[in-house]
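Participant: okay, structure incoming, though there's no sequence with it:
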């Protein structure tokens, strides 16, 4: 049974994790300091060391894992096969483009910067990023398989969708416009619709 | 006429710029310090302030511009229409995948990390990244137009190619394998080959 104390603890822990996700999404791992995380989370300083005794790297690894789960869930929720998976992909990318615009181009690719910064400098964060990207690709592949793609083809196409979304988000943030991702999503969506699944 | 002194100066300046490009490609803008740049370039410390009086941001802006020119040139050199632009794109991405593997996954996307880090935090570097990405897209579009695509379609498809390559490189560096980009390049190459240009 959950006590009031564990519920409060989970909430403080969650606040710290959520702040870490937001800050790393906006500015990457290196530029995000523990003091900034504590300030943004509203949690007392001591709680950070209590819940994340490993410090910044451990906290970042958990934030990456959480991000992977959240984004994979979003993919599964949006890529339903009703109306065709191509159209669903185009609509999903348009929705991400809206979110990037709403964030003032600070958000939209929670893994990219950290993945690039730590690819060869932190085995622990690199492993966390691999697992997170694998979750995203598995979610796309699952939806493509449900739309009739054979497993191997679904896996291969899922990798392309993941890369195209990542790259499209980079262009959106760089150009301060959601349109690159909208156009990319529409093009890939049309290609998917034009290709038979098998 | 070029004097020995201006040639030596240009070479010192080039060394500093090349070291900045390499370090920012491997670890981003925030993690790259001026002391590290000087050390990697082999140039005397005073020369950095002499050639780049604006400091790190000015130096980074020039490094981004240079990267944009170099990559755009590489695109134009590789995306010849002989044998089809789809096959050329697949071969070009395979070549980038080889280079990423040779670098030990430190290199391969000289703009991405800096673009993401500075999208909303440095108007000057954001502008430099926009210009660099525009050069890349223009190079792809030019080659697609030469292969028979109408201008508007070439521009749109060039944006997709740019995003797919960027995203593919992120996956390569994350998974420490050139295969994601090879597979993505092959898939897009096949899609291009299957679609009529008009």
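Facilitator: Thanks, I have the structure now. Values in this document were obtained by computation on a predicted structure and should not be read as measured data.

Participant: ok, the closest residue to residue A:191 other than its chain neighbours - contacts?
Facilitator: Of all residues not flanking residue A:191 in the chain, residue B:191 sits nearest, at 5.4 Å (Cβ to Cβ, 6 or more residues apart in numbering or on different chains). Heads up, the C-betas are built off the backbone N, CA and C, glycines and all. Counting by Cβ atoms under 8 Å, 6 or more residues apart in numbering or on different chains, residue B:191 touches A:191, A:195, B:86.

Participant: check what pLDDT the first one gets.
Facilitator: Listed pLDDT for residue A:191 reads 90.

Participant: got the angle for the helix or strand it falls within vs helix B:179-194?
Facilitator: For residue A:191, the host element (DSSP states H and E) is helix A:179-194. Interaxial angle of helix A:179-194 relative to helix B:179-194 (axes from the mean of the first three to the mean of the last three Cα atoms, to 10 degrees): 70 degrees.

Participant: residues of helix A:179-194 that come out buried?
Facilitator: A:180, A:181, A:182, A:183, A:184, A:185, A:186, A:187, A:188, A:189, A:191, A:192 (16 or more other Cβ atoms under 10 Å in any protein chain shown).

Participant: which stretches of chain A have low pLDDT?
Facilitator: A:1-10, A:81 (pLDDT under 70).

Participant: all helices for it, in order.
Facilitator: In chain A, the helices defined using DSSP state H lie at A:4-27, A:34-41, A:45-51, A:56-78, A:85-102, A:112-118, A:123-146, A:151-175, A:179-194.

Participant: and among those helices, the most buried is which?
Facilitator: Mean neighbour count (mean count of other Cβ atoms under 10 Å in any protein chain shown) peaks for helix A:112-118 among those, with a mean of 28.

Participant: anything in that helix near chain B?
Facilitator: Yes - under the criterion of Cβ under 8 Å from any Cβ of the partner chain, helix A:112-118 makes contact with chain B via A:112, A:113, A:115, A:116, A:117.

Participant: for residue B:150, state which of these is nearest.
Facilitator: Taking Cβ to Cβ as the measure, residue B:150 lies nearest residue A:112 of the residues of helix A:112-118 next to chain B, at 32.2 Å.

Participant: quick one, what contacts that closest one?
Facilitator: A:166, A:169, A:170, B:112, B:116, B:170.

Participant: same deal with residue A:155?
Facilitator: Taking Cβ under 8 Å, 6+ apart as the test, what residue A:155 contacts is A:137, A:141.

Participant: at 6 Å instead, please
Facilitator: Contact analysis of residue A:155 by Cβ atoms under 6 Å, 6 or more residues apart in numbering or on different chains lists residue A:141.

Participant: equivalent analysis for the one 4 residues further on, please.
Facilitator: The contact partners of residue A:159, taken as Cβ under 6 Å, 6+ apart, are A:137, B:180, B:183.

Participant: now these as a markdown table including distance to residue B:154?
Facilitator: Listed next are these as a markdown table, based on distance: Cβ to Cβ, whole Å:
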| residue | distance to residue B:154 |
| --- | --- |
| A:137 | 29 |
| B:180 | 26 |
| B:183 | 24 |
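
Participant: from these, pick the one nearest residue B:27.
Facilitator: residue B:180 (20.8 Å).

Participant: not counting residues beside it along the chain, what's closest to the closest one?
Facilitator: The shortest distance from residue B:180 to any non-neighbouring residue, by Cβ to Cβ, 6+ apart, is to residue B:171 (3.7 Å).

Participant: repeat that for residue A:26.
Facilitator: Spatially, and ignoring its direct neighbours in sequence, residue A:26 is nearest to residue A:106 (4.3 Å; Cβ to Cβ, 6+ apart).
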